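Show me the folded form of this:
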Amino acid sequence: MSQSWHVMRGIGITLLLSLLACQAPRASEPPSEVKIENLLAKELSEHIASDREVFISYVELPPNTTLPRHWHPGEEFYYVIDGVVTAELDGKRTSVDRAGAAGHIPLKMVHTAITGSEGARLVVFRVHEMGQPHRNVVEQE
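Model (predicted):
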């Protein structure tokens, strides 16, 4: 792997751990709607990757929710704070992640997230192509 990848990974891990340390405890009731709060949007240094930007988001998914199928113009990494979320990549369920689990969605991979009766809270870290939309919803077939 390139040195810039190791630097980006180190920055991402540091930011993720900092954000997790600041999170409030889970409310007594699960959320009633999807909540996405962008905590950070930052261009990467030209020495690392001049055409990339980083987004860190706090996400709450209500119980029994399936997000629309979508893809991102970059890599996506997530950490499950609490609850349970199933990742479905390219139409195939690939993992069931519980609190403390981390996962990865490859570049431009069509995916969705599915919750059960608990819902889930996550921190999502994305490294995107500069100036591209955050999310591209895929039309239902």
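
I figured Tyr79 hits Leu122, correct?
Yes. Counting by CB atoms under 8 Å, Tyr79 does reach Leu122; the two are 6.4 Å apart. For the C-beta atoms, the positions are set from N, CA and C on the backbone; glycine is no exception.

Those two - which one has more neighbours?
Neighbour totals were compared for Tyr79 and Leu122, and Leu122 leads with 23 against 20 (other CB atoms under 10 Å).

Which strand or helix spans that one?
Assigned by DSSP states H and E, Leu122 belongs to strand 111-129.

mean confidence for the helix or strand just after that strand?
Downstream of strand 111-129, the first helix or strand assigned by DSSP H and E is strand 136-137. Mean per-residue pLDDT for strand 136-137: 90.

Likewise for stretch 55-67?
Rounded to a whole number, the mean pLDDT of stretch 55-67 is 95.

What is the end-to-end distance of it?
Terminal residues of stretch 55-67 are spaced 19 Å apart (CA to CA, to the nearest Å).
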